[in-house]
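Colleague: Starting from these lines, generate the structure:
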Amino acid sequence: MKRKREVLLTLFLSTLYLSAFTFGGGYVIVTLMKKKFVDQYHWIEENEMLDLIAIAQSSPGAIAVNGAIVVGYKLAGLPGAFTAIIATVIPPFVIISLISVFYSAFRDNRIVSQLLEGMQVGVGAVIASVVYEMGAGIVHGKNPVSITIMVLAFLAACILEINVVYIVLACGLFGAVQSLMKKRRNRP
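Modeller: Numbers count the residues shown, from 1 in each chain. Purely as a prediction, here's the structure:
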C-alpha cells in the first residue's frame, strides 16, 4: 500500500513537472516522459513506452493527456490514470487561465511575440529529437517489417500527403492482423 502511494506521488509530481515545463504540444512531452519513466525511474521498458505512445497518439484528445493516462494506468491502474490526468491538466489550465486574463496586454507585446517565436525553434528541435529516437529504436530493432511500415508511413504522410488519421488506422489494422496471425501460429 505504501509503495503504491509512493508511486502515485512520484507519478503526480513527475507529470505535473513535465506538463508545467513543456511547451510545444504533446510530442515534446513524449521525449520527456521517456527520459523520466524509462531512463530515470525504469518503470517502463523503451519498447513498451513506444507502444504506450502509439496508443496515446491513436486515441482522440491531446497526446500529452493520453500519454499520461496510459503511463499512469500501466503503473498504478485507475488511480494512476486519474493521478496522471489531474497532474497533466493542472499546469495548462492555470497558465491558460492567467493568459486569458492578461490577453490584451500580451497580444501586442513585441517581446512576448519574439519569445514565442524563439520557443517555436526549440520545439522544432525537440520534435526532431523525438522522431530520431523513435526511428532509431525501430531501425536498431532490425525488424524488416517494422522498418518497411515506418518508411511507407513516412512516404504516405510526406510525399502522398495522406491524412495521418488514415495512416494510423492502417498501421493499427496491420498490427492487429499481424498479432492475430502470430497467435494462430503459436496455438498448439
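
Colleague: where's the nearest residue to Val112 once chain neighbours are set aside relative to Ala62, distance?
Modeller: Of all residues not flanking Val112 in the chain, Phe106 sits nearest, at 5.1 Å (C-beta to C-beta, 6 or more residues apart in numbering). Every residue, glycine included, has its C-beta placed from N, CA and C. As judged by C-beta to C-beta, to the nearest Å, Phe106 and Ala62 stand 22 Å apart.

Colleague: Check what pLDDT the residue nearest to Val112 gets.
Modeller: In this prediction, Phe106 carries a pLDDT score of 70.

Colleague: So it is in contact with Leu115, correct?
Modeller: No: between Phe106 and Leu115 there is no contact under C-beta atoms under 8 Å: 10.1 Å.

Colleague: Identify the residues contacting the spatially most central residue of the chain.
Modeller: The centroid of the chain falls nearest to Val30 when counting by C-alpha atoms, centre = their mean (3.7 Å). Counting by C-beta atoms under 8 Å, 6 or more residues apart in numbering, Val30 touches 53, 63, 67, 130.

Colleague: Which one of those residues is nearest to Ser146?
Modeller: Closest approach between the contacts of Val30 and Ser146, by C-beta to C-beta: Ile53, at 14.8 Å.

Colleague: Report how many residues lie close to that closest one.
Modeller: For Ile53, the neighbour count with other C-beta atoms under 10 Å is 23.

Colleague: Find the helix or strand that it is a member of.
Modeller: According to DSSP states H and E, Ile53 maps onto helix 46-58.

Colleague: ok, back up a step: so how far is Phe106 from the residue nearest to the centre of the chain?
Modeller: Using C-beta to C-beta, Val30 is found at 28 Å from Phe106.

Colleague: Helix or strand: which one has the residue nearest to Val112?
Modeller: With DSSP H and E as the criterion, Phe106 is inside helix 103-107.

Colleague: Tell me if I'm right that Val139 and Ile147 touch.
Modeller: Yes: using C-beta under 8 Å, Val139 is in contact with Ile147, at 6.2 Å.

Colleague: helix/strand/coil for His42?
Modeller: At His42 the chain is in coil, as set by DSSP: H, G, I helix; E, B strand; the rest coil.

Colleague: May I see the buried residues of stretch 58-75?
Modeller: 62-75 (16 or more other C-beta atoms under 10 Å).

Colleague: returning to what we had before: the contacts of Val30: which two are farthest apart?
Modeller: Gly67 and Val130 (11.7 Å).

Colleague: Ala153: how many residues sit nearby?
Modeller: By other C-beta under 10 Å, neighbour count at Ala153 equals 16.

Colleague: so who does it touch?
Modeller: 167, 171.

Colleague: which other residues reach stretch 33-45?
Modeller: Under the contact criterion C-beta under 8 Å, 6+ apart, stretch 33-45 has outside partners 7, 10, 14, 18, 46, 49, 52-53, 67-68, 71, 74-75, 133.
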